[in-house]
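>>> Provide a 3D model corresponding to the input given below.
(one chain, ligands or ions: 1)
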Amino acid sequence: MIAVDHLTKRYGPHPAVDDVSFRCEAGTVTGFLGPNGAGKSTTMRMLCGLTRPTSGTATVAGRPYRELPNPGREVGVLLDASAQHVGRSGRETLFLAARTMGVDADRVPAVLDRVGLNPVAAKRRVGAYSLGMRQRLGLALALLGEPRVLVLDEPANGLDPEGIFWMRGLLRDFADRGGTVLLSSHLLREVEAVADRLVVIGGGRVVAQGGKDELLAGAGTLVRARDPHALRLTLDRAGLDATAGADGGCVVRAEPDAVGQAAADAGLVLTELRPAGGGGLEQLFLTLTAGASTKEAVQ
Ligand SMILES: Nc1ncnc2c1ncn2[C@@H]1O[C@H](COP(=O)(O)OP(=O)(O)OP(=O)(O)O)[C@@H](O)[C@H]1O
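I've put the predicted structure just below:
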């Protein structure tokens, strides 16, 4: 289990992470989403003892990471796949990590196989690996100690579509066997496919969290009118809270019935009216993080 409570990190006057709290339970995959610079990596680094919080706490299995007696046996961490020693082979990297963690070296071939690094690839120097191969090796390192918790920052970076599909299966299987996964990703469709719960962060603060289905269901109403300006005025006058969505539409925090009625009362011609969650996670993400830098975040 992961518990993050009122976690805050300031660099100078502005908080990179601002009073963030969430839980990740056993048996679930939690998708951690946010635009560039939202504070995802900083939160994960604090969770893994790499960055000291200004205030608040983060624990794995009930303890701060730095107090875990053998952290690799409790939590598998993949924060930066390019941080591996380039002069060693993948196999050597894993053998060394196994010795450090007190894991039986016999586990190494099985873990290599699990992440899809074949014996030829495993003997090559990491310096010659593609980013996708480094991600697989990073995942192998994370899984080596048979932890119950995985913390993965952008693990799909550099993976091809087949690799992304494979990783989705691996994470789902890990959670279905009772593991806990916290996963940050820019690939919203992948997160949508694998996550049970979502934590959405923007400008260092949690803007939404909860079950994926529940968040998608409560995403409000997407409405478009022939005259967008008149629509905004009408929604304002009706006291309906609206955010400009993608492509000139508005996402309104109200049921379609209330939005349609307000438009009809004002004699507006609507070209679209539907639950916003029908647009999936991408639409929800854009709505929740509107105003923050989302340009690079949606792929
Ligand atoms: N060591 C540091 N010193 C100063 N500012 C930092 C440092 N690390 C992060 N920041 C700032 O904190 C904010 C959050 O950064 P962070 O890397 O956590 O965001 P992110 O959500 O992981 O973004 P991305 O998706 O682009 O990786 C950014 O404004 C960033 O510039």
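
>>> which residues are contacting the helix or strand containing Met46?
According to DSSP states H and E, Met46 maps onto helix 40-47. Under the criterion C-beta atoms under 8 Å, 6 or more residues apart in numbering, residues 2, 4, 7, 9, 16-17, 20, 32-34, 51-53, 58, 60, 65, 79, 151, 153, 182, 184, 201 lie in contact with helix 40-47. Bear in mind the C-beta positions are built from the backbone N, C-alpha and C, glycine included.

>>> Now with 6 Å, please.
Residues outside helix 40-47 that contact it (C-beta atoms under 6 Å, 6 or more residues apart in numbering) are 7, 9, 16-17, 20, 32, 34, 51, 53, 58, 151, 153, 184.

>>> Mind checking which of those land in strands?
Leu7, Lys9, Ala16, Val17, Val20, Phe32, Ala58, Val151, Asp153, Ser184 (DSSP state E).

>>> List just the nearest of the residues you listed to the ligand.
Set against the ligand, the nearest of the ones in strands among the contacts of helix 40-47 by C-beta to the nearest ligand atom is Ala16 (3.0 Å).

>>> rewinding a little: possible to save the ones in strands among the contacts of helix 40-47 as a markdown table with distance to Val206, pLDDT and neighbour count?
Below are those laid out as a markdown table (distance: C-beta to C-beta, whole Å; pLDDT from 0 to 100; neighbours: other C-beta atoms under 10 Å):
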| residue | distance to Val206 | pLDDT | neighbour count |
| --- | --- | --- | --- |
| Leu7 | 10 | 97 | 23 |
| Lys9 | 14 | 97 | 21 |
| Ala16 | 14 | 95 | 20 |
| Val17 | 10 | 96 | 28 |
| Val20 | 6 | 97 | 26 |
| Phe32 | 10 | 95 | 28 |
| Ala58 | 14 | 97 | 23 |
| Val151 | 17 | 97 | 27 |
| Asp153 | 17 | 94 | 22 |
| Ser184 | 14 | 94 | 24 |
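
>>> for the closest residue to Asp18 other than its chain neighbours, what are its contacts?
Once flanking residues are discounted, Asp18 sits nearest to Gly204: 4.0 Å by C-beta to C-beta, 6 or more residues apart in numbering. Listed by C-beta under 6 Å, 6+ apart, the contact set of Gly204 reads Pro15, Ala16, Val17, Asp18, Gly39.

>>> how about 7 Å then?
Contact partners of Gly204, counting by C-beta atoms under 7 Å, 6 or more residues apart in numbering, are Pro15, Ala16, Val17, Asp18, Ala38, Gly39.

>>> what's the closest of these to Phe165?
The shortest approach to Phe165 among the contacts of Gly204 belongs to Ala38, at 26.2 Å (C-beta to C-beta).

>>> I figured the closest one was touching Ile201, is that so?
Yes: with contact defined as C-beta atoms under 7 Å, Ala38 reaches Ile201; the gap is 4.7 Å.

>>> which stretches of the stretch 51-200 of the chain form helices?
Along the stretch 51-200 of the chain, counting by DSSP state H, counting those that start in this stretch, helices occupy 71-74, 90-101, 107-114, 119-123, 131-144, 161-176, 188-194.

>>> Could I get the buried residue list for the third one?
Pointing back at helix 107-114 there. Neighbour counts using 16 or more other C-beta atoms under 10 Å place Arg107, Val108, Val111, Leu112 of helix 107-114 among the buried residues.

>>> if we look at it, which residues are touching it?
Helix 107-114 is contacted by residues Gly90, Arg91, Leu94, Phe95, Ala98, Ala122, Ala140, Leu143, Leu144 when judged by C-beta under 7 Å, 6+ apart.

>>> And those residues, which is closest to Leu215?
Of all the contacts of helix 107-114, Leu143 has the smallest distance to Leu215: 28.9 Å, by C-beta to C-beta.

>>> shouldn't the closest one be in contact with Gly76?
Yes: between Leu143 and Gly76 there is a contact at 5.6 Å, judged by C-beta under 7 Å.

>>> When these two are compared, which one has more neighbours?
The neighbour comparison of Leu143 against Gly76 (other C-beta atoms under 10 Å) goes to Gly76, with 25 against 22.

>>> Tell me, how many residues neighbour the closest residue to the more buried one other than its chain neighbours?
Excluding the flanking residues, the one nearest Gly76 by C-beta to C-beta, 6+ apart is Ala142, at 3.0 Å. Per other C-beta under 10 Å, the neighbour tally for Ala142 reads 24.

>>> same deal with Leu94?
Applying other C-beta under 10 Å, we find 26 residues neighbouring Leu94.

>>> residues from this structure in reach of the ligand?
Counting by C-beta under 6 Å from any ligand atom, the chain comes close to the ligand at Tyr11, Ala16, Gly34, Asn36, Gly37, Ala38, Gly39, Lys40, Ser41, Thr42.
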